[in-house]
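Asker: Model the following, please.
(chains A and B)
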Number of protein chains: 2
Amino acid sequence: MIETRLTRAFGLEHPIVSAPMALAAGGALAAAVTGAGALGLIGGGYGDPDWIETAFRDAGNARVGCGFITWKMAERPELLTRALEHDPAALFLSFGDPRPFAGEIAAAGVPLICQVQTLAHAREAIEAGARVIVAQGGEAGGHGATRATMTLVPEVADLLAREAPEVLLLAAGGIADGRGLAAALMLGADGVLVGTRLWASREALVHEATQAAAVAAGGDQTIRSSLPDIARRLDWPAPFTIRTVENDFTRTWQDDPEGLRARGDIPDAYATAFASGDTTVAPPIAGEAVGLIHDIPGAGEIVTRIATEAEALLGGGWNR
Amino acid sequence: MIETRLTRAFGLEHPIVSAPMALAAGGALAAAVTGAGALGLIGGGYGDPDWIETAFRDAGNARVGCGFITWKMAERPELLTRALEHDPAALFLSFGDPRPFAGEIAAAGVPLICQVQTLAHAREAIEAGARVIVAQGGEAGGHGATRATMTLVPEVADLLAREAPEVLLLAAGGIADGRGLAAALMLGADGVLVGTRLWASREALVHEATQAAAVAAGGDQTIRSSLPDIARRLDWPAPFTIRTVENDFTRTWQDDPEGLRARGDIPDAYATAFASGDTTVAPPIAGEAVGLIHDIPGAGEIVTRIATEAEALLGGGWNR
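Answerer: Numbering: from 1, shown residues only, chains lettered A, B, ... in the order given. Alright, predicted model coming up:
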């Protein structure tokens, strides 16, 4: 068992939190992660209230948290209020200024987890009174920015040591196995946030064909772009882009995003492809860590594998 | 003392190799690194034979290796022959296909170290008979590509475990302190290659004002681009770009590389600025790890610090 400030603060067996991946992290995934001794988060995502209610219901009695895309939730802040009524284990905000929402979250007595992509974001999170900061590197799947986990984590750790030593730190981006967890702890993190590895689990709300396309890819076949957001007419603010596996769609439009924007037929075609697992159009939303992923097990087994492997490494197994 | 397959193979005290940074890694730097118990490499760089001879002379009796930019050295392969006449501790190749040169290096009895940025590069390095592969993430300073250290290292480790388990693996990109070394060992590396942290040392052939500008920057202030190469009229092949601190020059030309290419006065102005430490024009060539660097010590002290900090972490110091 790896005990850290995170496991003590949240009563966990393993210093692992699941990423609240929009559309993919429903209640079954979050509950399976919590059931395995980590902390599961529902992906509140783009803010469909029925989806969020269903996710909490699907989580059953498991103690799970909920995450939002901050800039999107800000358009309908009542979603935050409704999520807090479920007494989540944590409220997770990423991709936008968390400070306007910190008061309501604190008043509800719910720990705030802020994911950050830069040092400036980390300073906002400290101001917001975050209990936990997640330093997310650009190798992550889905939305993110450009800093790498390897340098962002220790740089944020140094900032916290100077200015807010009580705030816990998680590493995110590129962490799919025990090697990543053990490395993150060495970099100064109290635990990790795991996205892509759990996206590729049985409980994730992802089409099987899409998962299969990701498992078949290596890390060199992923790219960061705005193309899926343009296709979906989602106005993501700078500096955030989305990492996917590359496919015919990304190769076609890579050098012509304005052409993509002008195509009126794309949103429907993209939505249809996403729903049906047609990965020639809608690419798997996954990170560089796809190169470390070779199967689609249950989420609980993934948590156990990561923790077991990391424990062996920390016990001296790194030395071959 | 951290003993790994690297320290045993090369007779080192510490599993640390200095990056053969073009123009910055001369004989004094390489010798200081070797003198501290690591492996120092001279940066053969763009292939000025007098510069290389001077560097070997400046290294004195210290056992050092030499590195080349492969695609550039290929234009004058006699430079490789001359470097091998110095019986270097290792010959390091990066940024181009190493296979055409592997035979000559093997015949000289010199260990080949190949730096790679993708899995395809790693396969070329295995074919070349590399004794050591360096997996370099894009957070690195200077030239590199886009993969992150956090995922590239374990993915290459898995490739080597399957296909060439006798080949050693180093991590490069973003490693500036003991946290980075300890994390790299957890990811499956046998040691690390350190660039930016040693670029910011007393022995590095870098203008003091340029070093000071880098130390003042955080990791969020570095960017990858081709702008310095365009300014210097260096025809770097894809996929390689160069990470620098951002400055007036990069901000001015970021969205207009063709405008920069068309300006005939730029090469001289850039060269003058580089030589005089005018960082408004010639930016510090440094990686995201600048955010972890706060002083300009001697290279030997840097090696000792990294090793000491990593040893404490591996001994349990990660657990706060």
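Asker: is it fair to say A:G67 lies in a helix?
Answerer: No: if the criterion is DSSP: H, G, I helix; E, B strand; the rest coil, then A:G67 is strand and not within a helix.
Asker: Just give the nearest non-adjacent residue to it, would you?
Answerer: A:P20 (2.6 Å; CB to CB, 6 or more residues apart in numbering or on different chains). Backbone N, C-alpha and C define where each C-beta goes, glycine included.
Asker: And for the one you found, the neighbour number?
Answerer: 31 (other CB atoms under 10 Å in any protein chain shown).
Asker: what about it, distance to B:G138?
Answerer: A:P20 sits 27 Å away from B:G138, going by CB to CB, to the nearest Å.
Asker: try A:L198
Answerer: Counting by CB to CB, the gap from A:L198 to B:G138 is 25 Å.
Asker: which one of the two has more residues nearby?
Answerer: Between A:L198 and B:G138, A:L198 has the larger neighbour count (other CB under 10 Å), namely 28 against 24.
Asker: Can you check the pLDDT for that one?
Answerer: We have a pLDDT of 98 for A:L198.
Asker: is it true that it touches A:A36?
Answerer: No: the criterion here is CB atoms under 8 Å, and A:L198 misses it with A:A36 at 10.6 Å.
Asker: Quickly list what's touching both of these two.
Answerer: Counting by CB atoms under 8 Å, 6 or more residues apart in numbering or on different chains, the shared contacts of A:L198 and A:A36 are A:A299.
Asker: For the residue nearest to A:G67, give me the pLDDT.
Answerer: Reading off the model, A:P20 has pLDDT 98.
Asker: wait, what's in contact with it?
Answerer: A:A30, A:L41, A:I42, A:G43, A:G44, A:G45, A:G65, A:C66, A:G67, A:F68, A:F92.
Asker: repeat that for 10 Å
Answerer: A:29-30, A:40-45, A:55, A:64-69, A:90-94, A:113, A:115, A:193, A:195 (CB atoms under 10 Å, 6 or more residues apart in numbering or on different chains).
Asker: can you check A:G195 too?
Answerer: A:G195 neighbours (CB under 10 Å, 6+ apart): A:18-21, A:24-25, A:43, A:136, A:140-142, A:144, A:172-176, A:243, A:285-287, A:289.
Asker: Shouldn't A:P284 be within a strand?
Answerer: No: counting by three-state DSSP, one finds A:P284 to be coil, located in no strand.
Asker: how many neighbours does the closest residue to it other than its chain neighbours have?
Answerer: Spatial nearest neighbour of A:P284, excluding adjacent residues (CB to CB, 6+ apart): A:A214 at 3.8 Å. Neighbour count for A:A214, taken as other CB under 10 Å: 26.
Asker: Remind me which helix or strand A:A214 belongs to.
Answerer: helix A:208-216 (DSSP states H and E).
Asker: Next secondary structure after that helix?
Answerer: strand A:222-225.
Asker: and that next one, anywhere near chain B?
Answerer: Yes: judged by CB under 10 Å from any CB of the partner chain, strand A:222-225 comes into contact with chain B through A:T222, A:I223, A:R224.
Asker: mind listing what the residue nearest to the spatial centre of chain A touches?
Answerer: Nearest to the mean C-alpha position of chain A, by CA atoms, centre = their mean, lies A:A19 at 3.2 Å. By CB under 10 Å, 6+ apart, the contact list for A:A19 reads A:25, A:29, A:33, A:41, A:43, A:67, A:92, A:94, A:115, A:134, A:136, A:140-142, A:172-173, A:175, A:192-199, A:287.
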